[in-house]
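Enquirer: Here is my input; please provide its structure:
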Amino acid sequence: MRSSVYVAALAAALSSGAASADEVKVFEGGRYVRVVAVPAQEQIKPLQTIVSVTFPRREIATVGDAAKYLLRRTGYAMLAVDAEAFPDHARVASFPLPEIHRRFDGVTIASALEALAGGAYRPVIDDAERTVVFELKEDVDRDGIRRKRGI
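Expert: Residues are numbered from 1 along each chain as shown. As a prediction, this is how the structure comes out:
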């Protein structure tokens, strides 16, 4: 029994991508407890944190406001962009926040950002700079009309 719990904890740590078999540290937490010392998945990839959030009406009026609110404790931020250099981002960020997007329950932060972006846009996440910017999807033209592939 004891070894099966240890093996399950070790397998979970390795499958999360947190560490390789050589890097995993195991500590005895008591006679029957072994603790695998690896960070939680949310600590490694903050935008994969599952959240439930309701955006306050007084503070949050636009998609950009909502995205900033989602990111505020993750270490990531909305890229401060020049509207001429990043027209897609400026456009999406200025959209009024739809009522259906006022509340998210049990979703990852990355998924909530995708929903906020809408069908024609997508969030682009730069893990090195810890920034997020919205851009038009490749199969959508500037008027928001989907193009058929291969045309």
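
Enquirer: In the chain, mark out all the strands, start to finish.
Expert: Using DSSP state E, the strands found in the chain span residues 25-28, 34-37, 50-54, 77-78, 103-108, 121-126, 131-136.

Enquirer: Out of these, flag the one nearest residue 85.
Expert: Each of these has some distance to residue 85 by C-beta to C-beta; the shortest is strand 131-136, at 10.3 Å. Backbone N, C-alpha and C define where each C-beta goes, glycine included.

Enquirer: Residue 79 contacts residue 89, correct?
Expert: Yes. Under the criterion of C-beta atoms under 8 Å, residue 79 lies in contact with residue 89, with a separation of 7.1 Å.

Enquirer: More neighbours: which of the two?
Expert: Under the neighbour definition other C-beta atoms under 10 Å, residue 79 and residue 89 were set side by side, and residue 89 has more, 25 against 16.

Enquirer: I'd like the distance between that one and residue 70.
Expert: Computed as C-beta to C-beta, to the nearest Å, the residue 89 to residue 70 distance reads 15 Å.

Enquirer: dump the residue contacts of residue 29.
Expert: Going by C-beta atoms under 8 Å, 6 or more residues apart in numbering, residue 29 touches residue 35.

Enquirer: which residues touch the nearest residue to residue 104 once chain neighbours are set aside?
Expert: Using C-beta to C-beta, 6 or more residues apart in numbering and skipping residues adjacent in sequence, the residue nearest residue 104 is residue 112, 4.8 Å away. Residue 112 makes contact with 51, 53, 70, 104 under the criterion C-beta under 8 Å, 6+ apart.

Enquirer: Return the set of residues that bridge with the first one.
Expert: When bridges are called by DSSP bridges, residue 51 pairs up with residue 107.

Enquirer: Does it touch residue 104 like I think?
Expert: Yes. Counting by C-beta under 8 Å, residue 51 touches residue 104, with 6.8 Å between them.

Enquirer: Compare the two (neighbour count), which wins?
Expert: Neighbours per residue, other C-beta under 10 Å: of residue 51 and residue 104, the larger number sits with residue 104, 21 against 16.

Enquirer: wait, isn't that one in contact with residue 66?
Expert: No. Here residue 104 lies out of contact with residue 66, judged by C-beta under 8 Å, at a distance of 9.4 Å.

Enquirer: Could you report the neighbour count for residue 27?
Expert: Here the neighbour count serves as a burial measure; for residue 27 (other C-beta under 10 Å) it reads 9.
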